[in-house]
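Peer 1: Below: sequence and its predicted model.
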Amino acid sequence: MTFRPLATLALLALATLLGACQSVDGATRRMAEAFTPYRAEVVQGNFVSREQQLALYEGMTQLQVRELLGTPLLTSVFHGQRWDYIFTMKRRGVEPQRYHLRLFFSDSGLLERYEGDEMPSEAEFVERITPKRKYKVPQLEATEEQLQRFAPEEGEAVAVPQSQPTPRPPGSYPPLEE
């Protein structure tokens, strides 16, 4: 008969330990994230901005496209007239970025069409990859009261620095024009 209270006590202890494991798991994960070693950010491919994408037009040569977007990440032997611009980036504290743009050329080497993801503008991309920091931005404009502290007193002469001619180093030629 003493077995039943021991089993109940063991089950109660097991349930308590399992419940504690859940909270320990969250705490240990946060602690592990704080002490993780440095991970290099991984950037692969060419970033193509919306501005570059809008500069593409039908009839561009492959050379013009390469000058505008750079060398494509992928060119296939089986799809010789297709270029793939793929960009991926993994950075700690920022959502991973992945963009894909496919360009299709005619047999004569002229751009026929392109398709792919909606590309962000350069400003949007910088905003997406910049980790959100919580700090107060200082006010960078001076008030009229603050500027008055630097105003010259009445009757005080304001010294304007005068530029002095640069001395010529010894052994140099005289200037061509004076």
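Peer 2: Thanks, I have it. Values in this document were obtained by computation on a predicted structure and should not be read as measured data.
Peer 1: Now do the helices in this structure.
Peer 2: Assigned by DSSP state H, the helices in the chain fall at 3-34, 50-55, 62-69, 122-129, 144-148.
Peer 1: center of this protein, which residue is that?
Peer 2: Using Cα atoms, centre = their mean, the residue of the chain that lies closest to the mean C-alpha position is I129, 3.5 Å off.
Peer 1: surely that residue meets R91?
Peer 2: Yes. With the criterion set as Cβ atoms under 8 Å, I129 and R91 qualify as a contacting pair; they are 6.1 Å apart. For glycine as for every other residue, the C-beta is placed from the backbone atoms N, C-alpha and C.
Peer 1: need the least confident one among the helices of the chain, by mean pLDDT.
Peer 2: Note on the helices of the chain: helix 3-34 shows the lowest mean pLDDT, a mean of 69.
Peer 1: what sits against R50?
Peer 2: Contacts for R50 were tallied using Cβ atoms under 8 Å, 6 or more residues apart in numbering; they are 118-122, 124.
Peer 1: Going by distance to S106, which of those wins?
Peer 2: Proximity of these to S106 (Cβ to Cβ) peaks at M119, which lies at 23.3 Å.
Peer 1: Now the phi/psi pair for that closest one, please.
Peer 2: Main-chain torsions, M119, degrees, to the nearest 10: phi -80, psi 140.
Peer 1: Let me see the contact set for it.
Peer 2: M119 makes contact with 48-50, 52-53, 99, 101 under the criterion Cβ under 8 Å, 6+ apart.
Peer 1: Same question for S76.
Peer 2: 82, 84.
Peer 1: separation between it and P161?
Peer 2: Here the criterion is Cβ to Cβ, to the nearest Å. By it, S76 lies 64 Å from P161.
Peer 1: what do you get for L111?
Peer 2: When distance is defined by Cβ to Cβ, L111 is 57 Å away from P161.
Peer 1: More neighbours: those two, which one.
Peer 2: L111 (20 against 5; other Cβ atoms under 10 Å).
Peer 1: Can you give me the end-to-end span of stretch 103-119?
Peer 2: Its first and final residues considered, stretch 103-119 spans 14 Å by Cα to Cα, to the nearest Å.
Peer 1: Pull out the buried residues from that stretch.
Peer 2: For stretch 103-119, burial by neighbour count (16 or more other Cβ atoms under 10 Å) applies to 103, 105, 111, 114, 119.
Peer 1: what about stretch 9-17, distance to the chain center?
Peer 2: 49 Å (Cα atoms, centre = their mean, to the nearest Å).
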